[in-house]
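# What would the 3D arrangement of this be:
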Amino acid sequence: MAFRLVSNAFAEGGTIPKQHTCEGTDLSPALEWEGEPAGTKSFVLIMDDPDAPVGVWNHWLLYDIPPAVHSLPMGFKPGALGVSGTNDFGKLGYGGPCPPKGHGPHRYFFKLFAVDVPSLRLSAGAKRKALNTALAGHILAEARYMGRYERR
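The predicted model follows:
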């Protein structure tokens, strides 16, 4: 079985519902995954927008997710499990799509990494650069799920 990540909130490549954005209630969508490779000791979740005018914008950083966990509920809050990093909004946890108005649709990639260590040994609040450094050499597999959003 291939390592895969899915959401029941929207179809792969489809429009992310407003409730998961800054124009709605800004709740993270529910996510589920399966098929991680043998030897997986934790998971890392990164959500980013490569279409942001300032370059890649990080919306969600969550690491040290235990290997027995295979889903996150809608509205996941920091501290429920794993360790939350600081997104580019300057907050812990999820920050939904919020592209500039009239900028066209942006793509939002949810990337889940199967990792070969139980902890990346980062404190809560780490930023993307530190997370990338800690992840280097520890990724066993990656699963992706993409949604789109546009503010008009």
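
# For my notes, confirm Ala134 occurs in a helix.
Yes: assessed by DSSP: H, G, I helix; E, B strand; the rest coil, Ala134 belongs to a helix.

# Pull up the per-residue confidence for the closest residue to it other than its chain neighbours.
Excluding the flanking residues, the one nearest Ala134 by Cβ to Cβ, 6 or more residues apart in numbering is Leu120, at 4.0 Å. Just so you know, the C-beta spots here come from the backbone N, C-alpha and C atoms, and that holds for glycine as well. According to the model's per-residue confidence, Leu120 sits at a pLDDT of 98.

# Can you verify my assumption that Phe26 contacts Gly96?
One correction, residue 26 is Asp, not Phe. Yes: with contacts defined as Cβ atoms under 8 Å, Asp26 counts as touching Gly96 at a distance of 4.5 Å.

# Mind listing the shared neighbours of those two?
Common contacts of Asp26 and Gly96, defined by Cβ atoms under 8 Å, 6 or more residues apart in numbering, comprise His20.

# out of the two, which sits in the more crowded spot?
Legend: neighbour count by other Cβ atoms under 10 Å for Asp26 and Gly96, higher for Gly96 (24 against 18).

# Specify the local secondary structure of the more buried one.
Under the three-state scheme (three-state DSSP), the conformation of Gly96 reads as coil.

# Tell me how far it lies from Ala124.
Taking Cβ to Cβ, to the nearest Å as the measure, Gly96 and Ala124 are separated by 20 Å.

# Likewise for Val83?
5 Å.

# can you check Asn58 too?
According to Cβ to Cβ, Asn58 and Ala124 sit 15 Å apart.

# quick one, which of these two is more surrounded?
More crowded of Asn58 and Ala124, by other Cβ under 10 Å: Asn58, with 20 against 14.

# helix or strand for the more buried one, which one?
Assigned by DSSP states H and E, Asn58 belongs to strand 57-65.

# what pairs with the very next helix or strand once past that strand, and is each one parallel or antiparallel?
The C-terminal neighbour of strand 57-65 among helices and strands, as given by DSSP H and E, is strand 71-72. Strands adjacent to strand 71-72 in the sheet, as given by DSSP bridges, are strand 31-34 (antiparallel).

# who touches the partner strand?
Counting by Cβ under 8 Å, 6+ apart, strand 31-34 makes contact with 1, 3-8, 43, 45, 70-72, 110, 112, 143, 145, all of which sit outside it.
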